[in-house]
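In: Build me a structure from this.
(chains A and B)
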Amino acid sequence: MSAHRPRLDRVAEPVIAARGLTKRYKDFVAVDAIDFEVAPGESFGLLGPNGAGKSTTMRMVGAVSTRTAGDLGILGLDPNEHGPAIRSQLGVVPQQDNLDTELRVRDNLLVYGRYFGLPRAQVAARADELLDFAQLKDKVKAKIDDLSGGMKRRLTIARALINDPRILLLDEPTTGLDPQARHILWDRLFRLKEQGTTLVLTTHYMDEAEQLCDRLVVVDKGRIMAEGSPAALIREHSSREVLEVRFGSERNTTAAAELQGIGDRLEVLPDRILIYSANGEDALAEVTRRGLEPITSLVRRSSLEDVFLKLTGRSLIE
Amino acid sequence: MTAADPIAFSARSRRLGAWYVAEHKIRQMRAYLGTALATALGTPFLYLFAFGVGLATLITDNVSAVPGVTYLQFVAPALLASAAVLVASEEYTFGVMLGLKWNLTFVAMNATPITARQIVDGLMIFVWFRMLITTVIYYLAMVVFGAVDAVGSVGTIVAGLLAGFAFSPIAAYAATIEEDRGQFAILQRTVILPLTLFSGTMFPLTQLPMFLQWVGWLSPLWHASELGRQFVFGPTEPIWLSVLHVVYLLALGVLGWQLCARVVGRRLNK
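Out: Below is the predicted model of the structure:
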């Protein structure tokens, strides 16, 4: 395990350390020599569009996918040699629900807990605690197919916690959920974060990344484009505010030409123009002063979406 | 052992993982316990009644070189082996597809300390368990119908278990299937059903023209039926041939099992 050395600027040794981590499938490079570290208790995110290599990275970190090149240490162990030992300390919430639909809610937890070699009584007690935590106490005997999407997700998270993991891996935890279900889930994850669980999550929702991550990397096409806290990334790669103006799809491009010089930067999207500026209201005043009348205008704070747009020239959700 | 030492922590799973998988599969059975029991109980009585009481009244001669053997005695070990094959191939096909594709339970297990090999080992343990229930019930039905005496022919159960095990290459094949396009129905109709008919199960293999007899020699079902018959009314063959039956069945079973573990391992570790 010479792969990673403790860094002097961090008190604790990282629980995940990747150096030049690479995964290739024949000619296709899914993950292209990425470096990152995750400190214990940290909430770390991989933000990027579909196909960016997030899930592949998660699978390598989860010790279920062998890397093609580079070094990877999870809890100080190399997954190539200590897969089962590493997995015994992880909780995994996969992108696609894989609850056992032939078992009832509570039985799903009982069976899963056994895989960690935990005694039956201990698993049963833990299962009841977790069903409470996942707000599924009244669904103990329900069939999996009768649960809503949000409930299934919460049950999968409860299942991932059955072994009291040192790291919880969440791959797109709220994709496909309605807003209410997402907020319930975020609340649960936030509680785990407060308790000191190390969270590693992938998402293509910038609001999710902002809500849950202490630090994140923006990934695109298998590479890390930027790294930092959500606030720092926004500060570094975007202005404080954004003015969004719409002129209708036909006038957008011509209007853009007349908007040059307002704010720090312009971004012309098919349906609207984004004007990056420290003060959105001032920018809007300048737009109207130039005699342009947008159909709609909106001033908002910069978000990670803007960071992503700046870094890749593309939108997160396409 | 402390939670801080992951290697020690996972040692138990490394030792008992396959048994945990089997335990999981047994728990799943609760969902279809009614159907499984009805099949396990009903099938032997239907078959033994049809063949032993029905067809046997027409076939009273030429059944075996051993004098005095009834058609029921001749056909019963083969029926028992076929029942084991049916149960096993159900798990080798649907059980594998369920884990890798439909329900993704193997993927979920693989995220824990359990390894792909343990998943397949657990599946095999479970198949043996299901076959044991099926064959024991079959055997008891055979006793009731007077095809065998209660204790002396117990070995025919072992022959049945080996028959089912020998079909494990189907599990290895099922593990390679990425997309379900009705391959199992084709397999059932073009491989398993013909084997059931042409493996010296309903009539002695020697009744087939020579150019078709090789089907029987390759068929695990023929080997298992002949082996089972040795316990019911044998010996009808030299001992080396009985040993060959066992070796052939075990070899096929081990081959399929190992191949399946490799395919599942490759598929789960992408």
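In: Give the closest residue to the residue of the stretch 51-200 of chain A found nearest chain B in space, chain neighbours not counted.
Out: Using CB to the nearest CB, the point where the stretch 51-200 of chain A gets nearest to chain B is residue A:117, with a distance of 3.1 Å. From N, CA and C alone the C-beta is placed, and that goes for glycine too. Here the nearest residue to residue A:117 in space, its sequence neighbours aside, is residue B:12; by CB to CB, 6 or more residues apart in numbering or on different chains that works out to 3.1 Å.
In: Residue A:29 too?
Out: The shortest distance from residue A:29 to any residue other than its chain neighbours is 5.4 Å, reached at residue A:222 (CB to CB, 6+ apart).
In: quick one: the one you found and residue A:24 touch, right?
Out: No. Counting by CB atoms under 8 Å, no contact exists between residue A:222 and residue A:24, whose distance comes to 9.4 Å.
In: Now the residue nearest to residue A:29. Its backbone dihedrals?
Out: Geometry field for residue A:222 lists phi and psi as phi 80, psi 0, criterion degrees, to the nearest 10.
In: Quick check: the residue nearest to residue A:117 is in a strand.
Out: No. Inclusion of residue B:12 in a strand is not indicated when DSSP: H, G, I helix; E, B strand; the rest coil is applied; the result is helix.
In: burial measure for it, as a count.
Out: A total of 18 residues lie near residue B:12 under the criterion other CB atoms under 10 Å in any protein chain shown.
In: cool, residue A:78 as well?
Out: Quick note: residue A:78 (other CB under 10 Å) scores 18 neighbours.
In: ok, now which ones touch residue 96?
Out: Chain wasn't specified; assuming chain A. residue B:104 (CB atoms under 8 Å, 6 or more residues apart in numbering or on different chains).
In: meant chain B actually
Out: Applying CB under 8 Å, 6+ apart as the definition, the contact partners of residue B:96 turn out to be B:123, B:171, B:174-175, B:260, B:264.
In: what about it, is that helix, strand or coil?
Out: Applying three-state DSSP: residue B:96 is helix.
In: With adjacent residues omitted, what lies nearest to it?
Out: Closest residue to residue B:96 apart from its sequence neighbours, by CB to CB, 6+ apart: residue B:174 at 4.0 Å.
In: Contact partners for that neighbour?
Out: Here residue B:174 is in contact with B:92-93, B:96-97, B:184 (criterion: CB under 8 Å, 6+ apart).
In: With distance to residue A:303 added, can I get these in JSON lines?
Out: Converted to JSON lines, these look like this (distance: CB to CB, whole Å):
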{"residue": "B:92", "distance to residue A:303": "51"}
{"residue": "B:93", "distance to residue A:303": "49"}
{"residue": "B:96", "distance to residue A:303": "45"}
{"residue": "B:97", "distance to residue A:303": "43"}
{"residue": "B:184", "distance to residue A:303": "50"}
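In: In CSV, list these along with pLDDT.
Out: Below are those laid out as CSV (pLDDT from 0 to 100):
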residue, pLDDT
B:92, 96
B:93, 94
B:96, 95
B:97, 94
B:184, 90
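In: Which residues of chain B lie near chain A?
Out: Counting by CB under 8 Å from any CB of the partner chain, the residues of chain B close to chain A are B:3, B:6-7, B:9-14, B:16-17, B:20, B:23-24, B:27-28, B:31-32, B:98, B:103-105, B:107-115, B:268-270.
In: and with 7 Å instead?
Out: Residues of chain B lying close to chain A (CB under 7 Å from any CB of the partner chain) are B:6-7, B:9-10, B:12-14, B:16, B:20, B:23-24, B:27-28, B:31, B:103-105, B:107-115, B:268-270.
In: hang on, the earlier thing: what is in contact with residue A:222 and residue A:24 at once?
Out: Taking CB atoms under 7 Å, 6 or more residues apart in numbering or on different chains as the contact rule, residue A:222 and residue A:24 both touch residue A:30.
In: The two: which has the busier surroundings?
Out: In terms of neighbours (other CB under 10 Å), residue A:222 is the more surrounded of residue A:222 and residue A:24; the figures are 22 against 14.
In: dump the residue contacts of the more buried one.
Out: By CB under 7 Å, 6+ apart, the contact set of residue A:222 is A:29-32, A:53.
In: residues near residue 31, how many?
Out: Looking at chain A here, since you left the chain open. Under the criterion other CB under 10 Å, the count of neighbours that residue A:31 has is 28.
In: hm, I was asking about chain B
Out: Neighbour count of residue B:31, defined by other CB under 10 Å: 16.
In: name the element the residue of the stretch 51-200 of chain A closest to chain B belongs to?
Out: Secondary-structure element containing residue A:117, defined by DSSP states H and E: none, the residue being outside all helices and strands.
In: and if you look at residue A:35?
Out: strand A:28-38.
In: average pLDDT for that strand?
Out: Within the predicted structure, the mean pLDDT of strand A:28-38 is 96.
In: Now the element after it, going C-ward?
Out: Stepping forward along the backbone from strand A:28-38, the first helix or strand reached (DSSP H and E) is strand A:43-47.
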